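*Asks:* structure of the sequence below:
(one chain, ligands or ions: 1)
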Amino acid sequence: MENVQTLKSEKYKKYFCVPYLMGPNGVRLLDEMLDAFPMKYTEDNSILDLGCGSGLTSLYLAYETGAKVFAADLWISEEDNRKRIEEWGMQDRIIPMQCDANDLQFDKQAFDAVVSVDSYHYFGGKEGYFIEKILPLLKKGGTALICVPGIKNKYTGRSEAYLGPWLGDEASLFRSADEWKQIIGKNRDIVSVKTWELFGFYIPWQEWFDTLHGYALKDKQFFDSVIRPFSCFVGIMVTKI
Ligand SMILES: C[S@@+](CC[C@H](N)C(=O)[O-])C[C@H]1O[C@@H](n2cnc3c(N)ncnc32)[C@H](O)[C@@H]1O
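*Replies:* Numbering: from 1, shown residues only. As a prediction, this is how the structure comes out:
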């Protein structure tokens with residue numbers, strides 16, 4: 001992620017501001033994830049962007065994979081996201097919806113891929129959630145590609161102690177790559193679960209700080225003391241048979 005000029009995400013740079021960014025730049029994180037696990041689709045394929053926020057990751061997914069994207073989020077209204085999607089002229093390719101990841105109403109095997117950036121830790125951290133709620137939504141051969149902020153493997157089990165000063169009660173949501181592998185779990189329909197620590201770190205954070213959002217300024221105060229030494233971004237890739 002060091003040579004930013006060559007990244008696909010550079011094309012979306014004018015959106016690296018409020019209200020599009022809601023945390024460390026998810027489009028940069030997606031770049032690294034899709035580089036490692038490319039998704040080449042057509043409009044006959046569907047991706048669920050779960051916890052899409054203001055829809056920027058959905059825009060990136062629609063353009064960069066070619067698929068139709070269902071942009072689902074809890075905190076951001078369907079109307080707000082529809083307005084943005086229409087401004088982008090992408091209403092035929094991105095379908096906004098406000099819903100809770102704990103109560104998804106999609107048909108079984110509706111999606112070729114489920115993607116989630118910087119949101120899965122809010123709802124997916126309980127063992128059994130993936131197998132019960134996400135796996136059935138994937139077609140056979142489908143992929144789940146998830147990126148969450150987490151704690152480095154070497155500090156596994158110490159989230160409250162190390163991240164508590166920054167995150168308070170939310171520290172427990174930040175798990176290590178090793179823990180996420182366990183949390184996703186095993187099932188006869190899963191071919192493989194890969195979890196890892198992403199290389200990308202400084203640029204997604206710096207671009208969030210550059211928005212000057214109140215939460216970004218608060219995060220920045222903890223960057224040197226907590227975020228940089230103890231946290232990372234965790235990638236999760238699951239393939240279904
Ligand atoms: C930090 S934002 C990330 C947004 C976007 N993916 C990105 O990278 O810019 C976290 C998102 O998770 C969503 N979220 C949290 N809990 C959720 C739930 N139970 N169901 C659906 N979305 C949820 C919120 O609505 C919020 O927009």
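
*Asks:* please identify the buried residues of stretch 10-19?
*Replies:* 12, 15-16 (16 or more other CB atoms under 10 Å). Where C-beta positions appear, they are placed from N, C-alpha and C, glycine not excepted.

*Asks:* same question but for stretch 110-124, I mixed them up
*Replies:* Result for stretch 110-124 [16+ other CB under 10 Å]: buried residues 110-121, 123-124.

*Asks:* can you redo the buried residues of stretch 10-19 as a markdown table with pLDDT?
*Replies:* Listed next are the buried residues of stretch 10-19 as a markdown table, based on pLDDT from 0 to 100:
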| residue | pLDDT |
| --- | --- |
| 12 | 97 |
| 15 | 97 |
| 16 | 98 |
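
*Asks:* could you list the residues in contact with stretch 98-105?
*Replies:* Identification of contacts with stretch 98-105 by CB atoms under 8 Å, 6 or more residues apart in numbering yields 50-51, 72-74, 76-78, 119, 122-124, 133, 137.

*Asks:* list the buried residues of it.
*Replies:* 101, 104.

*Asks:* if we look at the ligand, which of the buried residues of stretch 110-124 are close to it?
*Replies:* Filtering these for neighbours of the ligand using CB under 6 Å from any ligand atom leaves 117-119, 123.

*Asks:* still on that earlier bit, closest to residue 146 out of the contacts of stretch 98-105?
*Replies:* The closest of the contacts of stretch 98-105 to residue 146 turns out to be residue 124 (CB to CB; 7.5 Å).

*Asks:* any part of the biggest strand by length in the chain near the ligand?
*Replies:* Longest strand in the chain by number of residues (criterion: DSSP state E): strand 138-151. No - using CB under 6 Å from any ligand atom, strand 138-151 never reaches the ligand; the gap is at least 8.2 Å.

*Asks:* got the buried residues for that strand?
*Replies:* Under the neighbour-count criterion of 16+ other CB under 10 Å, strand 138-151 has 138, 142-151 buried.

*Asks:* now it, how far from the centre of its chain.
*Replies:* Here strand 138-151 is found 9 Å from its chain centre; the criterion is CA atoms, centre = their mean, to the nearest Å.

*Asks:* in the sheet, who's paired with the residue nearest the centre of the chain?
*Replies:* For the chain, the residue nearest the mean C-alpha position is residue 117 (0.7 Å; CA atoms, centre = their mean). Residue 117 has the following beta-bridge partners by DSSP bridges: residue 147.

*Asks:* residue contacts, it?
*Replies:* Neighbouring residues of residue 117 by CB under 8 Å, 6+ apart: 26, 29-30, 49, 51, 57, 146-147.

*Asks:* any idea how far it lies from residue 206?
*Replies:* Distance of residue 117 to residue 206, computed by CB to CB, to the nearest Å: 17 Å.

*Asks:* using CSV, write out every CA atom in the helix or strand containing residue 183.
*Replies:* Here residue 183 sits within helix 177-184, counting by DSSP states H and E. Taking Å, rounded to 0.1, in the frame of the first residue of the first chain, the C-alpha atoms of helix 177-184 are listed here in CSV:
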residue,chain,number,x,y,z
ALA,A,177,-6.5,-12.5,13.4
ASP,A,178,-6.1,-15.8,15.4
GLU,A,179,-9.3,-15.1,17.4
TRP,A,180,-11.3,-14.3,14.2
LYS,A,181,-10.4,-17.6,12.7
GLN,A,182,-11.9,-19.3,15.8
ILE,A,183,-14.9,-17.0,15.8
ILE,A,184,-15.8,-17.7,12.1
